[in-house]
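**Q** Here's my sequence, what's the structure:
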Amino acid sequence: MRVPDISFYNTFIKNNEIKENKLLKYTNQLSSGKKILQPSDNAVDSAKSLRLGKIIDDISTYNRNMDQVQAVLETAESTLGNIVDVSQEARVHIIQTLNTGVMDAEDAQILKDYFQSIRDYIIKQANVSVGNSRIFGGVNAQIDPFNTQGIYQGQTLETKVPISKGVELNTTFNGIEYLGTIQSGVWNDANADNNVDLTEVSNKIGVVKALDDIIQIIDSGDIYKLHGYFSDMGYNDPNNALVGATESGTLTINYGTYTLNVNYDGDTTSPNPSTLNELVNAINTDPTNQYIEAFVFQDKDGVYRLGLVAKNDASIPITVSDSSGALSKRIGNVSSILETFDKGFNGVAAARSRIGTQMSVIDDLKPQNEFLQTVFSELKSKFEDADYASVISELEKVRTSYEALLASFNQNKDLSLLNFLK
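**A** As a prediction, this is how the structure comes out:
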């Protein structure tokens with residue numbers, strides 16, 4: 001082949017490849033509906049499209065998380081609502097019980113059975129689950145967060161998922177904060193830091209704690225103790241050390257205008273009380289005390305707690321303070337049964353409101369997420385999707401040009417001066 005023929009052929013191959021690539025490009029755009037088939041088609045638009053795709057994927061994840069969270073929150077809110085409702089009914093009966101005075105055995109048994117059914121129902125509600133996950137157990141969602149005593153055995157760490165940038169909502173809850181729990185049991189200073197840490201005491205549903213105390217008093221037959229004041233925590237044995245060996249202080253009990261001060265310490269050789277039994281005896285034998293009866297109260301969980309009750313007018317409140325705090329670390333607050341009930345009830349009601357706030361957050365953000373997803377999808381489409389009219393026009397132009405190239409090649413590939421000799 002002569003050099004001019006080779007040059008002509010190479011030019012044809014080069015242009016043929018260009019035309020075929022364009023034909024393929026526009027054909028693929030029509031079949032796929034996409035303008036960018038590979039990043040090299042348009043590096044800038046491709047990068048923008050990738051960023052928008054990541055944003056859209058994130059919003060889709062947020063929306064899926066919202067559906068999950070919404071189911072959990074609705075269940076949690078409904079559960080706490082049930083507890084609030086039955087607690088309100090129970091409170092009415094508690095007040096009636098406190099105002100009744102002396103009850104016969106039959107009435108006492110009816111009330112006991114009623115309170116027992118209420119406390120069992122509340123514990124069952126507190127162990128509610130969504131799927132296989134107990135929602136009030138924190139990250140430990142595979143076991144019941146509250147045992148049959150109403151004591152928390154879940155985790156304080158909660159699980160949360162993002163529903164928008166910078167916004168996370170619960171999929172499980174710390175039952176201590178949401179079920180109105182109150183310190184209970186016996187303080188175990190596991191880390192020896194002399195502070196009552198959250199994990200060193202039991203945390204019991206406050207409403208259940210109050211109901212259990214009522215049931216225990218009815219069982220004992222000492223109905224007058226329903227008007228008493230009880231420490232939150234106590235001891236495994238009433239003869240155990242009241243405080244540490246080197247600790248001491250003064251327990252002050254106020255009843256109206258009367259004040260009783262009782263010195264205590266952890267030295268068993270001193271005349272001051274150093275056990276719960278001795279503290280109760282010191283209160284009852286004080287020559288100035290004509291107003292308050294102290295007693296050792298063993299609750300349903302087997303814990304020995306301090307009990308105080310007015311000898312005469314139960315309408316006058318009893319208050320207690322501790323000079324050094326050594327004793328209060330071990331017995332906690334001293335409150336009436338109704339105060340304990342109300343504290344637990346208010347804790348549940350407040351938690352229900354917090355969950356309602358989270359539900360409002362979803363209501364506010366969900367339409368916003370859906371709007372942003374639509375906007376970003378449309379914007380991404382502008383970078384990616386093909387303009388069919390424009391692509392068809394370009395395809396026809398390239399096809400015509402390609403056909404012309406083929407015709408030109410066929411007409412000129414065999415040209416020779418010999419063809420013009422006559």
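**Q** Three-state assignment for the closest residue to N277 other than its chain neighbours, please.
**A** Excluding the flanking residues, the one nearest N277 by CB to CB, 6 or more residues apart in numbering is P238, at 4.6 Å. All C-beta spots, glycine's among them, are computed from the backbone N, C-alpha and C. Using DSSP: H, G, I helix; E, B strand; the rest coil, the structure places P238 in coil.
**Q** can you pull the pLDDT of P238?
**A** The model reports P238 with a pLDDT of 97.
**Q** what's the answer for A350, then?
**A** 97.
**Q** Run a quick neighbour tally on it.
**A** Here the number of neighbours of A350 (other CB atoms under 10 Å) works out to 13.
**Q** Under a three-state scheme, what state does D364 occupy?
**A** When classified by three-state DSSP, D364 comes out as helix.
**Q** I'd like the distance between it and V167.
**A** Separation of D364 from V167 (CB to CB, to the nearest Å): 10 Å.
**Q** With neighbour numbers in mind, choose between those two.
**A** The neighbour comparison of D364 against V167 (other CB under 10 Å) goes to V167, with 14 against 11.
**Q** Run through the chain and note the low-pLDDT ranges.
**A** Applying pLDDT under 70 to the chain flags the ranges 1-50, 52-53, 56, 101-103, 369, 371-422.
**Q** all helices for it, in order.
**A** Per DSSP state H, the chain carries helices over the ranges 3-32, 43-100, 105-126, 175-178, 206-220, 276-285, 328-331, 337-384, 388-412.
**Q** Can you tell me what sits against the fifth one?
**A** Okay, so that is helix 206-220. Outside helix 206-220, the residues that touch it by CB atoms under 8 Å, 6 or more residues apart in numbering are 83, 87, 90, 94, 97, 108-109, 111-112, 115-116, 118-119, 122-123, 149-150, 180-182, 184, 223, 225-226, 230, 297-301, 337-338, 340-341, 343-345, 347-348.
**Q** Please spell out the ChimeraX selection for the buried subset of those.
**A** Typed into ChimeraX, the line below selects the buried ones among these, using 16 or more other CB atoms under 10 Å:
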select :83,87,90,94,97,108,111,112,115,118,119,122,123,149,150,180,181,182,184,223,225,226,230,297,299,300,301,337,338,340,341,343,344,345,347,348
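**Q** Next, count neighbours for I355.
**A** Neighbourhood size, I355 [other CB under 10 Å]: 23.
**Q** So S202 versus S248, what's the distance?
**A** Distance of S202 to S248, computed by CB to CB: 26 Å.
**Q** Those two: who's more crowded?
**A** Taking other CB under 10 Å, S202 and S248 do not tie; S202 has more neighbours (23 against 19).
**Q** Quick check: the more buried one vs N240, distance?
**A** 17 Å.
**Q** A76 now?
**A** 39 Å.
**Q** same check, this time on E158
**A** Taking CB to CB, one finds E158 at 35 Å from N240.
**Q** cool, and D363?
**A** Going from D363 to N240 by CB to CB gives 53 Å.
**Q** Tell me who's in contact with the most centrally placed residue in the chain.
**A** Centre of the chain computed as the mean C-alpha position; nearest residue by CA atoms, centre = their mean is F173, 2.6 Å away. Taking CB under 8 Å, 6+ apart, we find F173 in contact with 76, 135-136, 138, 158.
**Q** Going by distance to D313, which of those residues wins?
**A** Nearest to D313 among the contacts of F173, counting by CB to CB, is F136 at 40.8 Å.
**Q** Excluding sequence neighbours, find me the nearest residue to K160.
**A** E168 (4.1 Å).
**Q** ok, that neighbour - contacts?
**A** 160-162.
**Q** For ChimeraX, what selects the buried ones among these?
**A** To isolate the buried members of the contacts of E168 in ChimeraX, using 16+ other CB under 10 Å:
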select :161
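**Q** of D363 and N240, who's got more company?
**A** Between D363 and N240, counted using other CB under 10 Å, the more crowded position is N240 (15 against 11).
**Q** Look up how far W187 lies from the more buried one.
**A** On the measure of CB to CB, N240 and W187 end up 11 Å apart.
**Q** Kindly report the domain assignment for the protein.
**A** 3-33+386-420, 60-364 (automatic domain parsing).
**Q** Tell me how many other residues crowd the residue nearest to V128 when sequence neighbours are not counted.
**A** Closest residue to V128 apart from its sequence neighbours, by CB to CB, 6+ apart: T79 at 4.8 Å. If you count neighbours by other CB under 10 Å, T79 ends up with 23.
**Q** again, but for the one 10 residues further on
**A** E89 sits with 11 neighbouring residues when counted by other CB under 10 Å.
**Q** check contacts around it.
**A** Residues in contact with E89, defined by CB under 8 Å, 6+ apart, are I118.
**Q** what does N284 give?
**A** By CB under 8 Å, 6+ apart, N284 lies in contact with 293-294.
**Q** any idea how far it lies from T319?
**A** Taken as CB to CB, the span from N284 to T319 is 18 Å.
**Q** Quick check: chain neighbours aside, which residue is closest to R91?
**A** Nearest residue to R91 in three dimensions, chain neighbours excluded: F341, at 6.4 Å (CB to CB, 6+ apart).
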